[in-house]
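[1] the amino acid sequence is not available; the structure is as follows:
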């Protein structure tokens, strides 16, 4: 389900990075502090008929953008990715999805730290699952929220 208040953001997010558009990555759920991203099997097929490892990595990294929009005050902060680790558990032979959810308390704490220090890290442990619900890959990531300084200049 897409919360209508995020509908205008979806097109921007899905078209922000041209390679993710070519990969067919789509946001299929977006509500307050929750997103679900779909990576289609085609065109992301590798030489052995499974989803290409780089595409799985990209889907796991990409979810940081939509969760940022669904969670944080984007008029005051912007995100960057600091670190991503992926573990490949099973070959993916169908479309896959990755979901991210942050609690209201987590969001408030991250924003408060960013206000106080100019930036704040947040970690997410994510699962990339195939259409049967099998975990194909595990993502451990660190993203950072940074304050937009006066005049809109990013620090």
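    Thanks, I have the structure now. In this text the structure is predicted, and so the values were computed from the model without any measurement. Residues are numbered from 1 along each chain as shown.

[2] surely residue 139 meets residue 100?
    No - using C-beta atoms under 8 Å, residue 139 is not in contact with residue 100, being 9.4 Å away. Where C-beta positions appear, they are placed from N, C-alpha and C, glycine not excepted.

[3] what residues are shared contacts of these two?
    Jointly contacting residue 139 and residue 100 under the rule C-beta atoms under 8 Å, 6 or more residues apart in numbering are 124, 126.

[4] what's next to the lengthiest helix in the chain, contact-wise?
    Ordering each helix of the chain by length in residues (DSSP state H) puts helix 104-117 first. Here helix 104-117 makes contact (C-beta under 8 Å, 6+ apart) with 33, 71, 72, 73, 76, 77, 102, 120, 122, 145, 146, 147.

[5] and that helix, how far out from the chain middle?
    19 Å (C-alpha atoms, centre = their mean, to the nearest Å).

[6] and it, which residues are buried?
    Buried residues in helix 104-117, counted by 16 or more other C-beta atoms under 10 Å: 107, 110, 111, 114.

[7] out of the residues you listed, which one sits closest to residue 9?
    For residue 9, the closest of the buried residues of helix 104-117 turns out to be residue 107, at 16.4 Å, with distances computed as C-beta to C-beta.

[8] from residue 45, how far out is the closest one?
    Per C-beta to C-beta, to the nearest Å, residue 107 is found 37 Å from residue 45.

[9] in a helix, residue 91, correct?
    No - applying DSSP: H, G, I helix; E, B strand; the rest coil, one finds residue 91 to be coil, outside a helix.

[10] residues contacting it?
    48, 50, 51, 136.

[11] same thing but 10 Å
    Applying C-beta atoms under 10 Å, 6 or more residues apart in numbering, one finds that residue 91 lies in contact with 46, 48, 49, 50, 51, 53, 130, 134, 136, 137.

[12] highest neighbour count among those residues?
    residue 51 (26 neighbours; other C-beta atoms under 10 Å).

[13] tell me the pLDDT at the residue lying closest to that residue once chain neighbours are set aside?
    Leaving aside its sequence neighbours, residue 51 sits nearest to residue 92 (C-beta to C-beta, 6 or more residues apart in numbering; 4.0 Å). The model reports residue 92 with a pLDDT of 98.

[14] cheers, nothing more for now.
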